[in-house]
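*Asks:* Starting from these lines, generate the structure:
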Amino acid sequence: MGHNHHHHSADATGKKLLISIILNVVITVTQIIGGLISGSLALLSDALHNFSDVLSLVVSYFANRLAKKKSTTNKTFGYKRAEIIAAFVNASSLLVIALLLIKEGIARFLNPEPVGSNLVIILSIVAILGNGFSVLLLQKEAGRNMNMKSAYLHLLTDMLASVAVLIGGLVMKYFSWYWIDSLLTIIIALYLVYMGYDLLKESTRVLMLFTPKSVVVEDIVKHISKIDGIKNVHHVHIWQLNEDEVHLEAHIDFINDIRLSTFDAILIEIEELVYHNFGINHVNIQPEFGKCDPKTVIVED
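*Replies:* Sure thing, here's the model as predicted:
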């Protein structure tokens, strides 16, 4: 039953992503046309950000579909990392776009130009409504994995950027402060850097097979070493495959030359211990007795 629920949930997520993609395509096209007509850099920067949303949502959509594919003999982990790669690509694109917007914003700030504020106000309201709907659609899914979080963050930042553009449009309409357009562009870009950096760092940790932040290797070694019959724990590797799977592999030196059935019982104890205390759900242990290898090295290639 749980397996079917997972697929139903993944299918529902895919449909929500498709709706968000269509909405963002419409918003992007209208903002590009409106930005060119009105001369608003903030509106064009919002359009560029929206276009990045479209690309990120497309990446997230295909990653979501790939992650559901079953493992094969030549792809033993299946496509479980597709969503992590999508999160990395999306976070990277956020940072690149932010830098381009800062560059353009500074250039325009030094040479402000008149902007058609009425069109800016109308289109920013359209973008707020469209992105707001997409944000509500993906809000629940955002807590489930990095891929959906990256898509959600793209949409959320763009909705907030559109709010800023709306405020800028109103200020330009009633006060003719055209420099506000450039200032908002830079603020939007800095916010993109802030949001994108953490996600980039998080997805990079997973891709580089770093030990999850919540796990302290020395603590695991200490806990496992307390189990009766275990002499030493060494050559430990802990990595995160995706958001659902954390793997542990280690060599364990036993005090006595135990039977295989005894090892199985100890292995179950280890699995329970690391799962409940450290959230590790895949364990691979190499048992040893009197083997000549460095027992004092906890972590080694």
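
*Asks:* Let me know how buried Ile33 is, in neighbour terms.
*Replies:* Residues lying near Ile33 (other Cβ atoms under 10 Å) number 14. (C-beta placed from N, C-alpha, C; glycine too.)

*Asks:* Local confidence estimate at it?
*Replies:* What the model reports for Ile33 is a pLDDT of 90.

*Asks:* Domain map for this structure?
*Replies:* What automatic domain parsing lists as the domains of the chain is 2-207, 217-288.

*Asks:* Buried deepest among the ones you listed, which one?
*Replies:* domain 2-207 (a mean of 19; mean count of other Cβ atoms under 10 Å).

*Asks:* From Ser45, how far off is the residue nearest to Leu44 when sequence neighbours are not counted?
*Replies:* Nearest residue to Leu44, sequence neighbours excluded (Cβ to Cβ, 6 or more residues apart in numbering): Gly35, at 3.6 Å. To Ser45, Gly35 is 8 Å away according to Cβ to Cβ, to the nearest Å.

*Asks:* which helices and strands sit right next to the helix or strand hosting the residue nearest to Leu44?
*Replies:* Assessed by DSSP states H and E, Gly35 sits inside helix 2-38. Judged by 3 or more Cβ pairs under 8 Å, 6 or more residues apart in numbering; DSSP states H and E, the packing partners of helix 2-38 are helix 41-67, helix 117-138, helix 146-175.

*Asks:* for the record, mean pLDDT for the last one?
*Replies:* To tie it back to what came earlier, the one meant is helix 146-175. Computed over helix 146-175, the mean pLDDT rounds to 83.

*Asks:* now the angle between helix 117-138 and it, please.
*Replies:* If you take axes from the mean of the first three to the mean of the last three Cα atoms, to 10 degrees, helix 146-175 sits at 160 degrees to helix 117-138.

*Asks:* Including distance to Lys295, could the helices and strands packed on helix 2-38 go into a markdown table?
*Replies:* Shown next, in a markdown table, are the helices and strands packed on helix 2-38 (distance: least, Cβ to Cβ, whole Å):
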| stretch | distance to Lys295 |
| --- | --- |
| helix 41-67 | 39 |
| helix 117-138 | 49 |
| helix 146-175 | 37 |
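
*Asks:* To Asn24, which of those lies closest?
*Replies:* Proximity to Asn24 (Cβ to Cβ) singles out helix 41-67 among these, at 4.7 Å.

*Asks:* looking at the helices and strands packed on helix 2-38, which is closest to Asn74?
*Replies:* For Asn74, the closest of those is helix 41-67, at 15.2 Å, according to Cβ to Cβ.

*Asks:* continuing past that closest one, what's the next helix or strand?
*Replies:* Once the chain leaves helix 41-67, the next helix or strand it forms, by DSSP H and E, is helix 82-110.

*Asks:* Does anything pack onto that next one? Which helices or strands?
*Replies:* Using 3+ Cβ pairs under 8 Å, 6+ apart, helix 82-110 sits against helix 41-67, helix 146-175, helix 179-207.

*Asks:* Make TSV from the ones you listed and add distance to Gly132 to it.
*Replies:* Converted to TSV, the helices and strands packed on helix 82-110 look like this (distance: least, Cβ to Cβ, whole Å):
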stretch	distance to Gly132
helix 41-67	13
helix 146-175	5
helix 179-207	17
